[in-house]
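Engineer: Give the three-dimensional model of this entry:
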Amino acid sequence: MCLYSSRDSDLVKAPLNMRVQLAIFVALLGLAALLWAGRERVTDAFAAYTGRGGTVADQGPTKRPSAQPVVVEPVRRAEDLVQVEAIATARAKRFVTLYPEAPGQVVEIAVTTGTHIKRGEIILLLDAQAETLAVDVARSKYADAQRQMKRAEDLLQSNVNSNARVEDAATQVAQARFELLRTEDALADRTLTAPFDGVVGIPKVGLGDRVTMDTPVITIDDRTALFVEIQVAEQYVSRLRQGQSVPARTPSFADREFEGTVAQIDSRVDPTTRAVMVRAMLDNKADLLRPGMSFAVTLSLPGKTYPTVSELALQWRKGESFVWVIADGKAERVVVRSVKRLNSKILVDGNLSEGDLVVVEGVHRLRPGSAVSYTPPASSQTSEN
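Structural biologist: Below is the predicted model of the structure:
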């Protein structure tokens, strides 16, 4: 006797069919994952043992794979040249703003703006009537002290005087001499002179002005040479050398380039900017340039020489870069490291020699050992096809 109906049978079979379908789906998914993981080995084996497709049994004897047509270029070498460009403000080789060494009233300005002045020449005079009088008094006292000293020495020789009086006279001479030197120094402070050869600027005071020791009077610039300063990143410090060329241009002479050289390199790297200060000197014996001018400067820093390839030749796979090199009519993969991009070319570091042929078109069809056909570049001496 049947204990369940046909409807009950369908309810039991339905879950079974779904479980079977799910198991088949999981199996197919696992097979697909395995095929995907080993796709490269399968593809390489398939390309090595078959020509256009099918199995070895279907095709009979193993056929030599057909050569892949590619376009190649020879490897060249280029220098890893870094150019540091900056806008800098020039300053004079030596420059100073002069201040009075004593307060007083201006009685004479002995220079004219823009004139060249020699070291020690007078620039400005302050009223010195009181100081001149003090010098005359001190000089008179010094002379009198010297006479008293001479008299005391003469009396000592005649046994009329004692050594104590001679010593007192010597003390008076020394004090008078110190006082004379002090007053002469105070008188010298009333005269402002040039500390070095240079060109004077516009005076900031006029006749009759009362000045103090904090009053700026005039500027002097030694502009036989100008300095410009630029910052160079610390990664290029090893490339810096004194005497390196630094071409410079200024808007004042837009059609002219001025040649400068690296004169000084700072002794330390700034820990904030991670750069080192470089000071370049521009010759200005012709006196065309002025301190404060802006200059566009270029500092060329030569580096190592590397192989260079077209950017189309560089490929990436599994986190590493490589190029396809043609050797004996076959493609070989050479791992390289990208160093720097130069327009459409790339400097690379790897086992490449100048003249090696690298593939620039057709790279996606290549496998290690793939036979290739190509037309040698005009500059290449190889005749390989």
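
Engineer: Poorly predicted segments of this structure, please.
Structural biologist: Along the chain, the model assigns pLDDT under 70 to residues 1-17, 35-65, 158-162, 379-385.

Engineer: one more time with 50
Structural biologist: 1-12, 47-63, 380-385 (pLDDT under 50).

Engineer: domain parsing for it?
Structural biologist: Split into domains by automatic domain parsing, the chain comes to 6-59, 68-80+305-373, 85-94+219-301, 128-189.

Engineer: can you give me the end-to-end distance of the second one?
Structural biologist: Across domain 68-80+305-373, the straight-line distance between its terminal residues is 6 Å, by CA to CA, to the nearest Å.

Engineer: residues in contact with the most centrally placed residue in the chain?
Structural biologist: The structure's the chain has its C-alpha centroid closest to V232; by CA atoms, centre = their mean the separation is 1.7 Å. Going by CB atoms under 8 Å, 6 or more residues apart in numbering, V232 touches V84, L240, A275, V276, V278, L299, L301. C-betas here are computed from N, CA, C, even on glycine.

Engineer: Specify which member of these is nearest to M149.
Structural biologist: V278 (62.5 Å; CB to CB).

Engineer: Check the spacing between the closest one and L301 real quick.
Structural biologist: According to CB to CB, to the nearest Å, V278 stands 10 Å off from L301.

Engineer: Same question for P195.
Structural biologist: In this view, P195 and L301 are 37 Å apart by CB to CB.

Engineer: Who has more neighbours out of these two?
Structural biologist: Comparing P195 with L301 by other CB atoms under 10 Å, the one with more neighbours is L301, at 18 against 13.

Engineer: which parts of the host helix or strand of the residue nearest to the centre of the chain are buried?
Structural biologist: For V232, the element it lies in under DSSP states H and E is strand 218-233. Buried residues in strand 218-233, counted by 16 or more other CB atoms under 10 Å: 218-232.

Engineer: Could you list the paired strands of that strand along with their orientation?
Structural biologist: Strand 218-233 pairs in its sheet with strand 91-98 (antiparallel), strand 198-200 (antiparallel), strand 275-283 (antiparallel), by DSSP bridges.

Engineer: Of these, which is nearest T113?
Structural biologist: Judged by CB to CB, the one of these that comes nearest to T113 is strand 198-200, at 6.4 Å.

Engineer: could you pull out the strands for the stretch 1-150 of the chain?
Structural biologist: 68-69, 71-74, 76-79, 82-89, 91-98, 104-109, 116-117, 122-126 (DSSP state E, counting those that start in this stretch).

Engineer: Can you tell me which of those strands is nearest to P247?
Structural biologist: Among the strands of the stretch 1-150 of the chain, the nearest to P247 by CB to CB is strand 82-89 (10.3 Å).

Engineer: could I get the closest one in CSV with only the CA atoms?
Structural biologist: Extracted C-alpha coordinates of strand 82-89, given in CSV (Å, rounded to 0.1, in the frame of the first residue of the first chain):
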residue,chain,number,x,y,z
VAL,A,82,68.4,67.4,-13.6
GLN,A,83,67.7,71.1,-14.1
VAL,A,84,66.9,73.2,-11.1
GLU,A,85,65.1,76.4,-12.2
ALA,A,86,64.3,79.3,-9.8
ILE,A,87,63.5,83.0,-9.6
ALA,A,88,66.1,84.7,-7.4
THR,A,89,66.8,88.2,-6.3
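
Engineer: Who are the packing partners of it?
Structural biologist: strand 218-233, strand 294-301 (3 or more CB pairs under 8 Å, 6 or more residues apart in numbering; DSSP states H and E).

Engineer: With distance to R151 as added columns, please give the ones you listed in a markdown table.
Structural biologist: A markdown table is the format used below for these (distance: least, CB to CB, whole Å):
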| stretch | distance to R151 |
| --- | --- |
| strand 218-233 | 50 |
| strand 294-301 | 71 |
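
Engineer: E354 is nearest to which of those strands?
Structural biologist: Between E354 and the helices and strands packed on strand 82-89, the tightest spacing by CB to CB is seen for strand 294-301, at 22.9 Å.

Engineer: That closest one vs strand 82-89, what angle?
Structural biologist: If you take axes from the mean of the first three to the mean of the last three CA atoms, to 10 degrees, strand 294-301 sits at 160 degrees to strand 82-89.

Engineer: Give me the contacts around strand 294-301.
Structural biologist: By CB under 8 Å, 6+ apart, strand 294-301 touches 81-90, 228, 230, 232, 236, 239-240, 244-251, 258, 260, 262, 278, 280, 282.

Engineer: buried set for that strand?
Structural biologist: Buried-residue list, strand 294-301, by 16+ other CB under 10 Å: F295, V297, T298, L299, L301.

Engineer: and the last one, bridged to which residues?
Structural biologist: Right, the one you point to is L301. Per DSSP bridges, the residues bridged to L301 are V82.

Engineer: what about stretch 238-250, start to end distance?
Structural biologist: 29 Å.

Engineer: What backbone torsions are found at L155?
Structural biologist: Dihedral pair for L155: phi -70, psi -30, per degrees, to the nearest 10.

Engineer: Kindly tell me how buried it is, as a neighbour count.
Structural biologist: Neighbour number of L155 under other CB under 10 Å is 15.

Engineer: Isn't it up against R165?
Structural biologist: Yes: using CB atoms under 8 Å, L155 is in contact with R165, at 7.4 Å.

Engineer: Using PDB, list the CA coordinates for stretch 188-203.
Structural biologist: What follows is stretch 188-203, C-alpha atoms only, in PDB (Å, rounded to 0.1, in the frame of the first residue of the first chain):
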ATOM      1  CA  ALA A 188      87.000 110.900  14.400                       C
ATOM      2  CA  ASP A 189      83.400 109.700  15.100                       C
ATOM      3  CA  ARG A 190      82.200 113.000  13.700                       C
ATOM      4  CA  THR A 191      83.400 111.900  10.200                       C
ATOM      5  CA  LEU A 192      81.800 109.000   8.300                       C
ATOM      6  CA  THR A 193      84.000 107.200   5.800                       C
ATOM      7  CA  ALA A 194      83.600 104.300   3.300                       C
ATOM      8  CA  PRO A 195      84.500 100.900   4.700                       C
ATOM      9  CA  PHE A 196      85.200  99.500   1.200                       C
ATOM     10  CA  ASP A 197      85.200 100.400  -2.500                       C
ATOM     11  CA  GLY A 198      81.700 100.700  -3.900                       C
ATOM     12  CA  VAL A 199      78.900 102.800  -5.300                       C
ATOM     13  CA  VAL A 200      77.000 105.100  -3.000                       C
ATOM     14  CA  GLY A 201      73.300 105.300  -3.000                       C
ATOM     15  CA  ILE A 202      70.800 108.100  -2.200                       C
ATOM     16  CA  PRO A 203      71.600 109.800   1.100                       C
END
